[in-house]
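Student: sharing a sequence plus its predicted fold:
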Amino acid sequence: MSQPLRQDSEAILPSQKQDESNVLPFRSSYIALAEAQVKRQQVRRLKLRVLEVLAVTAAGAILSVIAGSALARSLTYQMAQQHKLEEINAEVAHLERQVNLLRDRLPERFGTDEIDNAFLRKNGWLRPGQFVIRFLPDNQMIK
């Protein structure tokens with residue numbers, strides 16, 4: 001027992017010294033394996049995260065393309081409807097001009113008696129060849 005005592009008052013036996021020398025390579029290889037496993041797990045997590053980001057980006061791109069095509073279809077439909085509306089508005093404006101023109105010409109073409117006769121003929125109350133006789137008061141002159 002010529003070996004000096006450790007400060008913590010434990011004596012190291014020769015067999016223990018030999019065990020420690022055998023344990024050190026095993027311990028370092030265990031640490032290396034653990035570090036490699038941690039590194040593999042980190043790489044696996046990173047790959048999964050990259051796949052997740054790619055999937056989300058692809059889904060967003062697909063939705064953007066679908067929305068763009070729907071917008072394009074709705075714009076073409078809207079332009080067609082706008083064209084039809086412009087045609088209808090032009091036709092309405094033309095018909096309004098014709099109605100106003102005919103309204104202005106109506107008193108020129110027909111007097112009130114002629115309008116009444118036309119109304120009676122149209123409704124079948126006055127047959128062709130018949131005419132209306134009106135009695136005027138004595139104080140009214142015929143024009």
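Tutor: Thanks, I have the structure now.
Student: longest helix of this protein, counting residues only.
Tutor: Secondary structure assigned by DSSP state H gives helix 14-109 as the longest helix of the chain.
Student: C-terminal to it, what's the next element?
Tutor: helix 112-122 (DSSP states H and E).
Student: from the chain's centroid, how far away is that next one?
Tutor: 59 Å (Cα atoms, centre = their mean, to the nearest Å).
Student: ok, now stretch 64-77?
Tutor: 8 Å.
Student: before we move on, what about stretch 37-45?
Tutor: For stretch 37-45, the distance to the chain centre is 42 Å (Cα atoms, centre = their mean).
Student: now Thr57: how far from Leu48?
Tutor: Using Cβ to Cβ, to the nearest Å, one gets 15 Å for the distance from Thr57 to Leu48. To be clear about C-beta, it is placed using only N, CA and C from the backbone, and glycine gets the same treatment.
Student: cool, Glu86 as well?
Tutor: With Cβ to Cβ as the criterion, Glu86 and Leu48 are 57 Å apart.
Student: show me what the longest helix of the chain is packed against.
Tutor: On a contact count with 3 or more Cβ pairs under 8 Å, 6 or more residues apart in numbering; DSSP states H and E, helix 14-109 meets no helix or strand.
Student: one more time with 10 Å, if that's ok
Tutor: On a contact count with 3 or more Cβ pairs under 10 Å, 6 or more residues apart in numbering; DSSP states H and E, helix 14-109 meets helix 112-122.
Student: buried sites along the helix it packs on?
Tutor: Neighbour counts over helix 112-122 (16 or more other Cβ atoms under 10 Å) mark Asn117 as buried.
Student: which elements pack onto it?
Tutor: Using 3+ Cβ pairs under 10 Å, 6+ apart, helix 112-122 is in contact with helix 14-109.
Student: low-confidence bits of this protein, can you list those?
Tutor: Residue ranges of the chain with pLDDT under 70: 1-27, 107-113, 131-132, 141-143.
Student: repeat that for 50
Tutor: Along the chain, segments meeting pLDDT under 50 span 1, 3-9, 11, 13, 16-17.
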